[in-house]
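>>> Pasting a predicted model and its sequence here:
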Amino acid sequence: MIRLAVQSKGRLNEESLRLLKDAGINVDDSKRKFLGKASDFPLELLYLRDDDIPGVVADGSADIGIVGYNEIAETQADVEVIRRLGFGKCRLSLAIPKGVEYPGLEWFEGKSIATSYPSILRRFLSSKGVSSDIREIRGSVEIAPAAGIADSIFDIVSSGGTLVSNGLKEVETVLESEAVLVCRKDLLPENKPVLDSILFRFDAIQESRGKKYILMNIPSERLSEAMALLPSMRSPTVMPLALEGWCSVHSVVDDSSLWATVESLKKTGAEGILILNVDKVID
Ligand code: ATP
Ligand code: MG
C-alpha cells in the first residue's frame, strides 16, 4: 500500500484527483475525510494543506505527494521530485507599485518586501548581493504596498491580473512552478512496483495531452504527399478502401499544428477527415 498526499482543497485539489481518476485509480471522493482509500488500487490518500505536503513526504508519513514545486523550493524538503505534472502553472515574481520607475534589481536594496515565500526570496536576493527587509505575511500579500505594510511584494503570479488590479507591476521572475509528484527518499522496496505503475499511467496521460488522432481518405496517387505532412508515432497507418484508387490514412498530430496540417491535407485531396481526442498514449 502506497500513501499519496494531495491538497485537501484549493487550486491543486481538483486536477490532482482528476489525474488519479484518469489513471484508473478511483478514490471515494469525500474531501472532508483526512484519509481515503482507492477501491481498485493499493493506494491511500492523505488530504492535507499544501504547506504540509513536503514535510510529510520527507518524513515518510506519506510515500509520495502532489504539490506545487514552489512549496518544495520554499521548504527545501528532503524529497525527490520525480515528475512535473503540467498543471498548477505559475511563477514567483517580485512586483512594485505600477507608477514607480524600475532601474533593475538594485531598486530592492534597503526596500521592504512582503511575501509568503521568505526562504526562496532570501536565497534569490543573497545570490544577487541585494539586501532587503523581508516581511513574511501569510495571505493577501498583494495588498501590502497599498496598505503601507511594505514597499513591494514577492508572490505567486499566474495571469498577472491580481497584480494589475492592486496597482502593481511584475519586475522580476524568480521561479517557475507547476504541480509535481514527489517521493520520499527511502521508499519501501514493496512500494516500488506500485510507484512504477502510477508513473506508467501518469506518463501515458501526459503523453496524450495536446494530441489528436486524425483519419481521412486520400486518393492513392497522392498518398506520398499526404504522408510527408503527417508525423506519427512510428509512421502513419495506411489501409486500402473498398473503392479502387483510394486509401484511408490514420495518424496522431499535435494540437498546436492541427489546423495547419488539416489545411495542407485538404490540398492533397484528403476527404472525410475525422479528428478524435486521444485518451492515453503508451509507448
Ligand atoms: P492550502 O489551504 O492547501 O494551504 P493555499 O491557499 O496555500 O492552500 P492555493 O491557493 O490553493 O494554496 O494554491 C495551491 C498551489 O497552486 C500554489 O502553491 C501554486 O503551486 C499553485 N498555483 C497556480 N496558480 C496559482 C495562482 N494564480 N495563485 C496561487 N497559486 C497558484
Ligand atoms: Mg498553503
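That came through, no problem. As the structure is a computational prediction, the values presented were derived from the model and not from experiment. Ligands and ions are numbered 1, 2, ... in the order given.

>>> Now do the residue of the stretch 151-283 of the chain found nearest ligand 1: how many residues are near it, please.
Nearest residue of the stretch 151-283 of the chain to ligand 1, counting by C-beta to the nearest ligand atom: Ser158, 3.4 Å away. C-betas here are computed from N, CA, C, even on glycine. Neighbour count for Ser158, taken as other C-beta atoms under 10 Å: 12.

>>> ok, now Glu263?
When neighbours are counted by other C-beta under 10 Å, Glu263 comes out with 10.

>>> And Gly161, by the same measure?
9.

>>> How about Val171?
17.

>>> Report the secondary structure element holding the nearest residue to it once chain neighbours are set aside.
Excluding its sequence neighbours, the residue lying closest to Val171 (C-beta to C-beta, 6 or more residues apart in numbering) is Tyr102, at 4.9 Å. Tyr102 belongs to no helix or strand when elements are defined using DSSP states H and E.

>>> For Tyr102, which residues are in contact?
96, 169, 171 (C-beta atoms under 8 Å, 6 or more residues apart in numbering).

>>> Quickly list the domain ranges of this protein.
By the record's domain assignment, the chain is partitioned as 2-88+179-207, 90-177, 211-277 (automatic domain parsing).

>>> Can I get those domains in a markdown table including mean pLDDT?
Below are the domains of the chain laid out as a markdown table (pLDDT from 0 to 100):
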| stretch | mean pLDDT |
| --- | --- |
| domain 2-88+179-207 | 94 |
| domain 90-177 | 96 |
| domain 211-277 | 92 |
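
>>> Adding distance to ligand 2, write those domains out as CSV.
Formatted as CSV, the entries for these read as follows, by distance: least, C-beta to the ion, whole Å:
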stretch, distance to ligand 2
domain 2-88+179-207, 4
domain 90-177, 8
domain 211-277, 32
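
>>> Can you lay out those domains as JSON lines showing distance to Asp283?
Below are the domains of the chain laid out as JSON lines (distance: least, C-beta to C-beta, whole Å):
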{"stretch": "domain 2-88+179-207", "distance to Asp283": "7"}
{"stretch": "domain 90-177", "distance to Asp283": "27"}
{"stretch": "domain 211-277", "distance to Asp283": "7"}
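
>>> What parts of the stretch 1-150 of the chain come near ligand 1?
Contacts of the stretch 1-150 of the chain with ligand 1, taken as C-beta under 6 Å from any ligand atom, map to 7, 10-12, 49-51, 68, 70-71, 88, 90.

>>> State the pair within those that is farthest apart.
Arg49 and Cys90 (17.3 Å; C-beta to C-beta).

>>> before we move on, back to that, among the residues of the stretch 1-150 of the chain next to ligand 1, which one sits closest to Leu258?
Checking those one by one against Leu258 (C-beta to C-beta), the nearest turns out to be Gly88, at 25.4 Å.

>>> Quick one: residues contacting that closest one.
11-12, 15, 68, 177-179.

>>> Next, it: secondary structure please.
coil (DSSP: H, G, I helix; E, B strand; the rest coil).

>>> Without its sequence neighbours, what residue ends up closest to it?
Nearest in space to Gly88, with sequence neighbours left out and distances taken as C-beta to C-beta, 6+ apart, is Ala179 at 3.8 Å.

>>> tally of neighbours for the one you found?
26.

>>> about what we covered before: give me the subset of the contacts of Gly88 that lies in strands.
The members of the contacts of Gly88 that map onto strands under DSSP state E are 68, 177, 179.

>>> follow-up on the earlier one: out of the residues of the stretch 1-150 of the chain next to ligand 1, which end up buried?
7, 11-12, 50, 68, 70-71, 88, 90 (16 or more other C-beta atoms under 10 Å).

>>> Just the closest of the residues of the stretch 1-150 of the chain next to ligand 1 to Pro236, please.
Gly88 (34.9 Å).

>>> Got phi/psi on that closest one?
Backbone torsions of Gly88, given as degrees, to the nearest 10, read phi 60, psi 30.

>>> Can we start the residue count at 2 from this point?
Will do, 2 is the new start, and the previous item becomes Gly89.

>>> Please report how far it lies from Ser178.
7 Å (C-beta to C-beta, to the nearest Å).

>>> which residues are common contacts for those two?
Gly69.

>>> my guess is the residue of the stretch 152-284 of the chain closest to ligand 1 meets Ser94, correct?
No: Ser159 is not in contact with Ser94 according to C-beta atoms under 8 Å; the separation is 10.3 Å.
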